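K.L.:
A structural model of the following input is requested.
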Amino acid sequence: MATIDTPAKTSALGSGHAPARAPRARRGRRGSRLWVKIVVALLLVVEIYPMVWMFLTSLKSNDDYLNNSTWSLPTTWEWGNYTEAWTTGNIGLYVQNSLLAVVPALALMLLLGTAAGFALQVMVWKGRNLTLLVFLAGMMVPPQMILLPLFTVYFQTGLSGTLWPLILTYTGTGLPLTVFMMATYYRSVPRELFEAATIDGAGILRAFWTISLPLVRNALLTVGLVQFFFIWNDLLIALTFTNNQDLRTIQVGLLNFTGDFGATQYGPLFAAICINVFGTLLIYLFLNQKVMKGLTSGALKG
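P.N.:
Model (predicted):
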């Protein structure tokens, strides 16, 4: 009897405990999911609330901002602050100057950085590893150390008073990171593609333009967007080399956003900040999927 009853008891105990463990596991998963949702909700509040506050502040009058609570809603909705920021505050001019400085610098940076990454990873030549180390060393140089020598060079060459100092400086300071990132992305490109192109008679330039660029277009977009935000939000370089009010970029323009007699107009100021912040945010949201694909493509080996 003992030999027969023991398995039955064991099976009965097993069958009795198995359903009890499943609800506990489900409750544990529900509890962990709840904590994740709470953390995500807190992060959303931390990220979204400052933008909501900034937008509401941009619709306040100057007296409303100075005399009422910082967290209060506008007593009168001053939509004209955006018009005043764009016209009287010259935000339109500052945005134009930023685009004239950022777009050429970004184009040069991506073109030279992609070509250098292609040469360092795809082409085989003596000294390419040392050359890559030289580019990496350029990432360790603080921009503050080169501003004074560059200012002297630009003044002696007659480039002061134009946007060329910004274009050249942005290109030079952003090139090391661009070369490093593009070289990393080129490691994931299968070498068989270039070998097949060489067998078919394609030269280096054709392999670069028609084969490599389409393969790294998502990576190129990702690097370009990262560098765009770095350059667009720059204040130090733009403040050093723009000695004319008509050449100010948007960040320098926001720094000197004042009204009559030097008084700060807080409504138009926050309206200008909203134009800057939400404009760049829309660009990121529009290109978000491409950026995610570019970030993951560099981690895959072909």
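K.L.:
other SSEs contacting the host helix or strand of T83?
P.N.:
Using DSSP states H and E, T83 sits in helix 80-86. In this structure, helix 80-86 makes packing contacts with helix 266-286, judged by 3 or more C-beta pairs under 8 Å, 6 or more residues apart in numbering; DSSP states H and E. Glycine gets a C-beta too; all of them are placed from N, C-alpha and C.
K.L.:
try 10 Å this time
P.N.:
Contacts defined by 3 or more C-beta pairs under 10 Å, 6 or more residues apart in numbering; DSSP states H and E place helix 80-86 against helix 91-121, helix 266-286.
K.L.:
how about that helix, which residues are buried there?
P.N.:
81-82, 84-86 (16 or more other C-beta atoms under 10 Å).
K.L.:
which regions of the protein sit below the pLDDT cut-off?
P.N.:
The model of the chain has pLDDT under 70 over residues 1-32, 258-263, 290-302.
K.L.:
same thing but 80
P.N.:
Scanning the chain for pLDDT under 80 picks out the ranges 1-33, 256-264, 287-302.
K.L.:
circling back: quick check: which of the helices and strands packed on helix 80-86 is buried the most?
P.N.:
Most buried of these by mean neighbour count (mean count of other C-beta atoms under 10 Å) is helix 91-121; its value is a mean of 20.
K.L.:
and the next helix or strand past that one?
P.N.:
helix 128-138.
K.L.:
now the element after that next one, going C-ward?
P.N.:
Moving toward the C-terminus from helix 128-138, the next element (DSSP H and E) is helix 147-156.
K.L.:
that following helix packs against which elements?
P.N.:
Checked by 3+ C-beta pairs under 10 Å, 6+ apart, helix 147-156 has helix 164-186, helix 236-241 packed alongside it.
K.L.:
export those to TSV and tack on mean neighbour count and distance to S98?
P.N.:
Listed next are the helices and strands packed on helix 147-156 as TSV, based on neighbours: other C-beta atoms under 10 Å; distance: least, C-beta to C-beta, whole Å:
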stretch	mean neighbour count	distance to S98
helix 164-186	22	9
helix 236-241	21	8
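K.L.:
could you dump those into CSV and include distance to L112?
P.N.:
Listed next are the helices and strands packed on helix 147-156 as CSV, based on distance: least, C-beta to C-beta, whole Å:
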stretch, distance to L112
helix 164-186, 6
helix 236-241, 18
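K.L.:
of those, which is nearest P50?
P.N.:
helix 236-241 (23.4 Å; C-beta to C-beta).
K.L.:
what residues does the closest one touch?
P.N.:
Here helix 236-241 makes contact (C-beta atoms under 10 Å, 6 or more residues apart in numbering) with 94, 97-98, 101, 143-144, 146-148, 150-151, 154-155, 159-170, 173, 231, 247-253, 255-256.
K.L.:
one more: stretch 281-290?
P.N.:
Taking C-beta under 10 Å, 6+ apart as the rule, stretch 281-290 contacts 51, 217-222, 224-225, 228-229, 232, 291, 294.
K.L.:
next: stretch 76-84.
P.N.:
Against stretch 76-84 from outside (C-beta under 10 Å, 6+ apart): 56-64, 74, 89, 91, 259, 265-272, 274-275.
K.L.:
surely V226 meets M181?
P.N.:
Yes - at 8.1 Å, V226 counts as touching M181 under the criterion of C-beta atoms under 10 Å.
K.L.:
quick one: which of the helices and strands packed on helix 147-156 is nearest F208?
P.N.:
Closest among the helices and strands packed on helix 147-156, using C-beta to C-beta: helix 164-186, at 10.6 Å.
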